[in-house]
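Visitor: What shape does this take:
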Amino acid sequence: MNLNIIDNFYDEKDLSVMFSASMLNTYKMCWQPNGKNFYNRTNAYPCHETHNFTETDLPYKIFCKTFQEKTKFMIHNVLTFFRKIYSDELQHVFKYGMRPHKDASIYDVAGIIHYNTYSLEDGTGIFSGFEENNDQIEPDVIIGAKPNRCVFYDSQISHRPLQDKNTPLRIVQPFFIKYK
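Guide: Predicted structure coming up:
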């Protein structure tokens, strides 16, 4: 399993810029898994997302610079944005849990940077052997949320977001990377 954790991902100055950007950007209501049709967004994993950052956006530049410095991997392509998840929109998710999923295979790695919570229950669950027809509901590995923690893994590793019922708002930066 290719799983990586980098605490203190951004330096203090860049973290301040990124956190401010996460608060000041415009968000649209959406759901995960993206691209699947649901009766309404609350039947999925409802969330709020910014636009996908481009090479001209400061969050994009800061993320790419930091990721390459911290990992020594050269980025060919990256998709990143901010996401907010409100606990009061997740009542059915708390009851049944979001199904584990894999991310798009066009990317080598997928990951997330946490911005505002310290909680084992607000992190990411990793499923080492999960397949669509498997009934596994408990993750094999849980990586807790911690502000400025970067977690990334092979895009084809099954995972799911966790959500602490006592956290009213979860702010994260998902990312998907294709290496050179």
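Visitor: What strand or helix carries residue 163?
Guide: Following DSSP states H and E, there is no helix or strand that holds residue 163.
Visitor: Find the nearest non-adjacent residue to it, please.
Guide: residue 90 (5.7 Å; Cβ to Cβ, 6 or more residues apart in numbering). All C-beta spots, glycine's among them, are computed from the backbone N, C-alpha and C.
Visitor: do the same with residue 15
Guide: Residue 15's closest residue in space is residue 148 (Cβ to Cβ, 6+ apart), at 5.5 Å.
Visitor: Residue 126 too?
Guide: Per Cβ to Cβ, 6+ apart, closest to residue 126 is residue 141, 4.1 Å.
Visitor: follow-up on the earlier one: quick one, what contacts the residue nearest to residue 163?
Guide: Counting by Cβ atoms under 8 Å, 6 or more residues apart in numbering, residue 90 makes contact with 45, 46, 163.
Visitor: what about burial for those, which qualify?
Guide: 45, 46, 163 (16 or more other Cβ atoms under 10 Å).
Visitor: nearest to residue 76, of those residues?
Guide: residue 45 (28.4 Å; Cβ to Cβ).
Visitor: Please name the bridge partners of that closest one.
Guide: Counting by DSSP bridges, residue 45 is bridged to residue 32.
Visitor: That one against residue 86, yeah?
Guide: No - counting by Cβ atoms under 8 Å, residue 45 stays clear of residue 86, with 11.5 Å between them.
Visitor: So what does residue 64 look like in phi/psi?
Guide: phi -60, psi -50 (degrees, to the nearest 10).
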